[in-house]
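> One predicted model, sequence on top.
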Amino acid sequence: MSRIGRKPIAVPANVNVTIADGNVVTVKGPLGELTQTFHKELTIKQEGAELIVSRPNDEKEERALHGLTRTLLNNMVEGVTKGFEKKLEIVGVGYRVEKQSGKIVLGLGFSHPVVFLEENGIKFECPDANTIIVKGVDKNAVGQMAAVIRAKRPPEPYLGKGVKYSGEKIRRKAGKTGK
């Protein structure tokens, strides 16, 4: 049996979980509300202050979905209580980020500024001109937005210029060697 899928999910007192027909789970908390539909074969039930995910048999598909479903539910509960964030760093001469009302504007060496809007529960913070913090309640949406921002100018291996995740190691290459 799945080690991750077996673990119960602790639901804090300030979080309300509703399980509807067809495995539609709605989680409401202090930071927001998330709704997701899970596979119909799995059983999701709430016992007291815990959520328990179980599977009907040991077929390959159910085994694969068991741990995934438990992790997605745990991320929903964690998202509405604490939230998620990804930190990005901008490296390069002249590369910068600026927060304006409801959006961020990035100068990444293009002939035009790159603009990202705060939407779908995503919020941006810019503590300085070279750091972006992407925040939200949905872990998937936060990670996707961070990946889209990074994809605009990924770090290059010679000088390390570009947008990178905080703590990401860039494999550097040696440049040309002169005679």
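Done, it's in. Residues are numbered from 1 along each chain as shown.
> The residue nearest to Tyr95 when sequence neighbours are not counted: how many residues sit nearby?
Spatial nearest neighbour of Tyr95, excluding adjacent residues (CB to CB, 6 or more residues apart in numbering): Leu108 at 5.6 Å. C-beta coordinates here come from the backbone N, C-alpha and C atoms, glycine included. Neighbour count for Leu108, taken as other CB atoms under 10 Å: 19.
> ok, Leu108 to Pro157 distance?
Look at Leu108 and Pro157: by CB to CB, to the nearest Å, they are 17 Å apart.
> try Gly5
40 Å.
> what's near enough to touch Ala147?
If a contact means CB atoms under 8 Å, 6 or more residues apart in numbering, then Ala147 has no contacts.
> longest strand anywhere in this structure?
Determined from DSSP state E, the single longest strand within the chain is strand 84-91.
> ok, residues contacting that strand?
Under CB under 8 Å, 6+ apart, the answer for strand 84-91 is 75, 78, 96-97, 106, 108, 129-139, 142-143, 145-146, 149-150, 155, 160-166.
> ok, 6 Å please
Under the contact criterion CB atoms under 6 Å, 6 or more residues apart in numbering, strand 84-91 has outside partners 97, 130-135, 139, 142, 146, 149, 160-161, 163-164, 166.
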